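*Asks:* here's my sequence, what's the structure:
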Amino acid sequence: MVDYILYENATGYALFKVAESEQVASFAEQYQQSVTDMGRFSRIVNLFAFLPFKTSEEALENINAVSEGALHATLLNFLEANCPKGSKLGVSEDKLAGAIQESLGFNCVKGKQVLELSRGIRAFFEKFVKELKSGDLEKAQLGLGHSYSRSKVKFNINRADNMVIQAICLLDQLDKDVNTFAMRVREWYSWHFPELVTVVPDNYQFARCAKIISDKSQLTADQLPQLEEIVGDADKAKEILEAAKTSMGFEISQLDMLSINQFADRVIHLSEYRTRLHEYLAKKMRDIAPNLSSLIGETVGARLISHAGSLTNLAKYPASTVQILGAEKALFRALKTRGNTPKYGLIYHSSFIGRATAKNKGRISRYLANKASIASRIDSFTEEPTTKFGEMLKEQVEERLKFYDEGTAPRKNIDCMKQVIEEMAQEKENKPEEEQPKRTPNRRSTPARKRTSKAAEEATPMEEEAEEPAKKKKTPAKKTPVKKAAAEEEAEEEAPVKKTPAKKKTPVKKAVVEEEAEEEEAPAKKTLAKKKTPVKKTPAKKTPKKVVEEEAMEEDA
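*Replies:* Numbers count the residues shown, from 1 in each chain. From the prediction side, this is the model:
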């Protein structure tokens with residue numbers, strides 16, 4: 001039993017009221033026929049409220065919220081204003097139904113009944129909303145679909161990794177294709193000049209030599225500089241010339257030679273493009289994963305990222321998964337047959353495993369996978385890209401190899417990481433010092449030195465006298481605080497005051513000195529009164545007061 005149906009559309013939100021829910025629940029034949037007839041279907045469902053989207057941006061925000069199962073503020077206000085509380089609301093999206101029920105407390109229902117009603121509403125939606133003209137709904141759906149797709153592609157967090165993934169896949173495909181084409185050139189041209197294969201074993205050099213030599217009978221000493229440039233050795237160039245004179249290959253027509261030259265030219269271009277693509281991949285890897293590239297190389301690191309799907313996914317993998325990444329078939333076959341599991345996957349192509357002995361290949365692969373996992377996490381989550389961590393991890397792997405061969409104890413990982421962090425912190429400290437060398441002394445200066453030039457010009461003579469003892473406080477030792485206070489009093493007071501150095505050592509006297517430094521512009525009399533009250537606490541002060549009182553009483557009499 002459903003009272004209302006919520007329908008999300010490219011044009012806005014619509015709320016439909018169900019009139020005959022019992023018939024819909026029973027799936028009678030009349031209802032099935034009414035889905036194809038607007039007159040019959042309008043007796044079952046009626047449009048109760050409709051809220052159109054004002055702009056395309058608002059439509060995109062709402063459709064993103066619906067796809068993520070979140071309750072947008074527009075939909076929240078629409079349901080609060082139109083849907084009565086306590087009624088059953090039919091929602092076709094499970095996540096959205098949960099969000100509505102949690103926020104508004106409606107009893108949200110989803111089932112076959114809601115899906116059948118939504119199917120009928122979708123078919124006659126233009127007729128329910130009279131404001132819509134023919135074709136408006138299709139245009140709104142097309143525009144919203146394009147905007148939604150663009151937003152998903154634009155905010156893809158793995159878009160930088162996609163370039164690396166595509167580049168390494170193309171590089172692997174080019175390696176296979178270039179190898180196949182080069183073997184075809186060698187086989188094809190060997191019918192005419194079979195000795196060239198033994199002299200020039202490299203595929204790229206062979207294709208270039210085949211294009212320059214072409215017909216072996218026309219090869220002369222004038223072409224030796226070109227051959228020497230390709231081969232890189234004068235002796236090999238002369239050997240090619242001598243082999244062409246005594247070759248056992250048969251003669252071929254000019255048309256066949258033209259086909260061979262065209263195919264060799266294509267192989268040369270593919271090989272050169274493969275070199276440029278490798279340089280592009282190395283540059284992208286240094287930008288995206290500098291530490292992983294420094295540790296195991298650009299090609300192996302790119303293969304790991306490609307197999308994991310993204311750098312973020314690779315960072316989430318544990319070291320045990322990184323170790324056998326690329327050997328899944330061998331792993332499951334070993335688990336099925338209860339055999340030995342593989343020791344390495346894609347990281348086998350790293351130079352460290354090739355340098356290790358047979359008994360230590362499994363150990364070094366496990367250690368290398370651990371360091372690769374750390375490097376990928378640093379590259380994925382760090383804000384400032386750097387290669388220092390990757391270089392330090394590479395040094396650790398080198399030390400581990402020496403430990404397996406010679407027994408030299410390697411450094412601990414925590415010590416190495418602390419060293420790198422300290423070096424980076426030191427570099428950060430050195431950069432601002434070079435740019436702004438005057439900041440350091442200003443931070444250590446006293447408050448008197450921080451004053452501006454205008455304040456120094458406008459300062460009173462009393463302030464200038466107070467600054468002089470403040471500067472002198474740094475030079476003398478702490479054993480003579482009485483002399484400091486005496487110097488301040490002499491600079492500030494014009495009238496002489498009796499001072500007892502034994503009594504000025506009390507903390508009360510120190511507080512008085514601090515107050516006098518803050519109130520530099522106060523009259524000298526007030527400062528004298530403040531100083532005399534805490535210092536002279538002896539009853540000798542009472543005698544002059546009594547004399548003054550007696551004299552006043554005599555004058556009154």
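*Asks:* pull the distance from the longest helix along the chain to the chain's centre.
*Replies:* When the chain is parsed with DSSP state H, its longest helix is helix 254-288. Taking Cα atoms, centre = their mean, to the nearest Å, the mean C-alpha location of helix 254-288 is offset from the chain mean by 34 Å.
*Asks:* and for stretch 412-426?
*Replies:* 21 Å.
*Asks:* counting neighbours, which bits of that stretch end up buried?
*Replies:* Cys416, Met417, Val420 (16 or more other Cβ atoms under 10 Å). Quick note: C-beta positions are derived from backbone N, CA and C, even for glycine.
*Asks:* list just the nearest of those to Ala81.
*Replies:* Using Cβ to Cβ, Met417 comes nearest to Ala81 of these, at 58.0 Å.
*Asks:* quick one: secondary structure of that closest one?
*Replies:* helix (DSSP: H, G, I helix; E, B strand; the rest coil).
*Asks:* same question, the one 4 residues further on
*Replies:* The local conformation at Ile421, judged by three-state DSSP, is helix.
*Asks:* confidence score at it?
*Replies:* Per-residue confidence (pLDDT) for Ile421: 91.
*Asks:* so Phe250 is in which element?
*Replies:* Counting by DSSP states H and E, there is no helix or strand that carries Phe250.
*Asks:* worst-scoring helix or strand of this protein, pLDDT-wise?
*Replies:* When each helix and strand of the chain is scored by mean pLDDT, DSSP states H and E, helix 439-444 comes last, with a mean of 38.
*Asks:* one step back: identify each buried residue in the longest helix of the chain, please.
*Replies:* Going by 16+ other Cβ under 10 Å, helix 254-288 has these buried residues: 257, 260-261, 263-264, 267-268, 270-271, 274, 278, 281-282, 284-285, 288.
*Asks:* what do you get for stretch 119-139?
*Replies:* Residues of stretch 119-139 classed as buried by neighbour count (16+ other Cβ under 10 Å): Gly120, Ile121, Phe124, Phe125, Glu126, Phe128, Val129, Leu132, Leu137.
*Asks:* in a strand, that's where the first one is, yeah?
*Replies:* When you say that, I think you mean Gly120. No: per three-state DSSP, Gly120 lies outside any strand segment and is helix.
*Asks:* tell me how many other residues surround Asn64.
*Replies:* 16 (other Cβ atoms under 10 Å).
*Asks:* what pLDDT does the model give it?
*Replies:* Looking at Asn64, its pLDDT is 88.
*Asks:* how about it, secondary structure?
*Replies:* Three-state assignment for Asn64 (three-state DSSP): helix.
*Asks:* can you show me the strands along this protein?
*Replies:* Taking DSSP state E, the strands of the chain run over residues 4-8, 12-18, 45-52, 88-90, 107-109.
*Asks:* farthest-apart pair in the buried residues of stretch 119-139, please.
*Replies:* Top of the distance list for the buried residues of stretch 119-139 (Cβ to Cβ): Gly120 and Leu132, 16.9 Å.
*Asks:* for Val200, see how far away Met248 is.
*Replies:* For Met248, the distance to Val200 equals 17 Å [Cβ to Cβ, to the nearest Å].
*Asks:* same thing with Glu429?
*Replies:* Here the criterion is Cβ to Cβ. By it, Glu429 lies 57 Å from Val200.
*Asks:* so between those two, which is more surrounded?
*Replies:* Counted by other Cβ under 10 Å, Glu429 and Val200 do not tie: Val200 has more neighbours, with 22 against 9.
*Asks:* just the pLDDT for the more buried one.
*Replies:* Here the pLDDT value assigned to Val200 is 91.
*Asks:* what is the neighbour count of the closest residue to it other than its chain neighbours?
*Replies:* With Cβ to Cβ, 6 or more residues apart in numbering as the criterion, Val200 has its nearest non-adjacent residue at 4.8 Å, and that residue is Phe206. Using other Cβ under 10 Å, the number of residues around Phe206 comes to 23.
*Asks:* per-residue pLDDT, Phe206?
*Replies:* pLDDT, read off for Phe206, is 93.
*Asks:* please enumerate the helices of the stretch 201-350 of the chain.
*Replies:* Counting by DSSP state H, counting those that start in this stretch, the stretch 201-350 of the chain has helices at residues 203-213, 224-231, 234-245, 254-288, 290-296, 298-308, 311-316, 319-323, 328-337.
*Asks:* let me have those in a markdown table, extended by distance to Asn179.
*Replies:* Formatted as a markdown table, the helices of the stretch 201-350 of the chain follow (distance: least, Cβ to Cβ, whole Å):
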| stretch | distance to Asn179 |
| --- | --- |
| helix 203-213 | 7 |
| helix 224-231 | 19 |
| helix 234-245 | 23 |
| helix 254-288 | 10 |
| helix 290-296 | 24 |
| helix 298-308 | 16 |
| helix 311-316 | 28 |
| helix 319-323 | 28 |
| helix 328-337 | 23 |
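*Asks:* closest to Met424 out of the ones you listed?
*Replies:* Per Cβ to Cβ, nearest to Met424 of the helices of the stretch 201-350 of the chain: helix 290-296, 12.6 Å.
*Asks:* what's the closest one packed up against?
*Replies:* In terms of contacts (3 or more Cβ pairs under 8 Å, 6 or more residues apart in numbering; DSSP states H and E), helix 290-296 is packed against helix 254-288, helix 298-308, helix 361-381, helix 388-406.
*Asks:* now Lys371: closest residue in space, sequence neighbours ignored.
*Replies:* Leu393 (4.4 Å).
*Asks:* ok, now which ones touch the one you found?
*Replies:* Asn291, Ser294, Leu295, Lys371, Ile374, Ala375, Cys416 (Cβ atoms under 8 Å, 6 or more residues apart in numbering).
*Asks:* gap between it and Gln426?
*Replies:* From Leu393 to Gln426 the distance is 20 Å (Cβ to Cβ).
*Asks:* repeat that for Asp405.
*Replies:* From Asp405 to Gln426 the distance is 34 Å (Cβ to Cβ).
*Asks:* which residues of this structure score low on pLDDT?
*Replies:* Screening the chain residue by residue with the criterion pLDDT under 70, one finds the ranges 1, 20-36, 153-159, 432-557.
*Asks:* returning to that earlier point: would you format the helices and strands packed on helix 290-296 as TSV with distance to Ala14 included?
*Replies:* Listed next are these as TSV, based on distance: least, Cβ to Cβ, whole Å:
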stretch	distance to Ala14
helix 254-288	46
helix 298-308	44
helix 361-381	44
helix 388-406	56
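*Asks:* Phe78 is nearest to which of these?
*Replies:* helix 361-381 (40.3 Å).
*Asks:* show me which positions of that closest one end up buried.
*Replies:* 361, 363-380.
*Asks:* enumerate every residue touching Pro194.
*Replies:* Contacts of Pro194 by Cβ under 8 Å, 6+ apart are Ser247, Met248, Gly249.
*Asks:* of those residues, buried ones?
*Replies:* For the contacts of Pro194, a neighbour count by 16+ other Cβ under 10 Å gives the buried set as Ser247.
*Asks:* closest to Ile63 among the contacts of Pro194?
*Replies:* The closest of these to Ile63 turns out to be Gly249 (Cβ to Cβ; 69.6 Å).
*Asks:* now do the contacts for the closest one.
*Replies:* Gly249 makes contact with Ser190, Trp191, His192, Phe193, Pro194, Glu195, Lys216, according to Cβ under 8 Å, 6+ apart.
*Asks:* distance from the chain centre to stretch 281-293, please.
*Replies:* 14 Å.
*Asks:* and the contacts of it?
*Replies:* With Cβ under 8 Å, 6+ apart as the test, stretch 281-293 has contacts from 160-161, 163-164, 167-168, 171, 298-299, 301-302, 304-305, 311, 372, 375-376, 378-379, 385-387, 389-390, 393.
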